[in-house]
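Undergrad: fold the following for me, if possible:
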Amino acid sequence: MIRTTAVPRPVRIGTALLGVAGIATLAGCAGGATTGDAAPADTAAPAASSAPATTSGAAAGGSAASGTYKDGEYEATGQYATPESVETIDVTLTIAGDTVTAVKVTGDPQAAESKRYQGEFIGGIQSEVVGKKLDEISVSKVAGSSLTSGGFNKAVDSIKSEAKA
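TA: This next block holds a predicted model:
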């Protein structure tokens, strides 16, 4: 029989849980090239929901200039998880000829830190998406905010589904 000095089970479990919590917290702080969709914290957030907004007269005809997406204005809500809470943002995109011609993002921050990051994101998103093809839009970090991008990308995916020609 081999005799070893074992660490008590409650200590091992506590240490393991502490390690997992630390990794999850650090993953939420990751910046740079990671997208909001790749952050582990985002997996707990529900998918985006969408509702069509008033569309322009061109959309009433049923086809866009290039045929991929119907011209018009679309709105969707995207959710994302932060270490403190689950946050939502409302995204409104105006599409003409498969190109984004206008963007409006409205935040609903639950935490003080989220208010700051959503504000920075809203201030910088227009230059990232206006004038680009809808299929080319996927933001990872805008004006220092990386988690908000995950909610934005989920809303854009929902808008793409809604706007299909």
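
Undergrad: any low-confidence regions in this protein?
TA: Applying pLDDT under 70 to the chain flags the ranges 1-67, 165.

Undergrad: for it, what spans make up the strands?
TA: 49-52, 72-81, 86-96, 99-108 (DSSP state E).

Undergrad: pull the CA atoms of the second one into CSV?
TA: These are the backbone C-alpha positions of strand 72-81, laid out as CSV (Å, rounded to 0.1, in the frame of the first residue of the first chain):
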residue,chain,number,x,y,z
GLY,A,72,-35.2,49.6,-45.3
GLU,A,73,-34.7,50.3,-41.7
TYR,A,74,-34.4,47.3,-39.3
GLU,A,75,-34.2,47.0,-35.5
ALA,A,76,-32.9,44.3,-33.3
THR,A,77,-31.9,43.9,-29.7
GLY,A,78,-28.6,42.2,-28.8
GLN,A,79,-27.7,40.8,-25.4
TYR,A,80,-24.2,40.1,-23.9
ALA,A,81,-22.9,39.1,-20.5
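
Undergrad: neighbours of G72, how many?
TA: Look at G72: counted by other C-beta atoms under 10 Å, it has 21 neighbours. C-betas here are computed from N, CA, C, even on glycine.
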